[in-house]
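# pasting the structure only:
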């Protein structure tokens with residue numbers, strides 16, 4: 001399987017995308033890193049989830065944490 005941008009649908013590809021769009025220290029990047037560590041194939045592990053599902057998961061992953069930080073800053 002390949003992603004719509006031509007990259008293989010692997011954890012390594014999603015790691016590169018997370019680093020580019022969300023940053024290396026982001027929750028999304030850390031999530032993919034943890035999956036790479038757990039996987040016997042590492043970065044070469046194929047991701048069988050639909051690309052749209054993965055993008056939705058990654059794009060919404062940090063929203064609750066951001067909301068909580070915003071509320072804390074407003075209350076200070």
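Looks like it arrived, so ask away. Keep in mind it's a predicted model, so treat the numbers as computed, not measured. Numbers count the residues shown, from 1 in each chain.

# what about the most centrally placed residue in the chain, which helix or strand?
When the chain is reduced to its mean C-alpha position, the nearest residue by CA atoms, centre = their mean turns out to be residue 28, at 3.4 Å. Counting by DSSP states H and E, the element that carries residue 28 is helix 27-38.

# what comes up buried for that helix?
In terms of neighbour count (16 or more other CB atoms under 10 Å), helix 27-38 has its buried residues at 27-29, 31-33, 35-36. C-beta: built from backbone N, CA, C; applies to glycine.

# Make TSV out of those and add distance to residue 74 and pLDDT.
Below are the buried residues of helix 27-38 laid out as TSV (distance: CB to CB, whole Å; pLDDT from 0 to 100):
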residue	distance to residue 74	pLDDT
27	21	88
28	25	90
29	27	92
31	27	91
32	31	95
33	31	95
35	34	95
36	36	97
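
# now, which of those residues sits nearest residue 3?
Distance ranking of the buried residues of helix 27-38 against residue 3, using CB to CB, places residue 32 first at 13.6 Å.

# thinking the residue nearest to the centre of the chain is in contact with residue 61, fair?
Yes: the pair residue 28 / residue 61 is scored as a contact, 5.3 Å apart, by CB atoms under 8 Å.

# so what's in contact with the two at the same time?
In terms of CB atoms under 8 Å, 6 or more residues apart in numbering, residue 28 and residue 61 are not both contacted by any residue.

# Name the surrounding residues that touch stretch 1-12.
The set of residues external to stretch 1-12 that reach it, using CB under 8 Å, 6+ apart, is 13, 16-17, 32, 35-36, 39, 42-48, 51.
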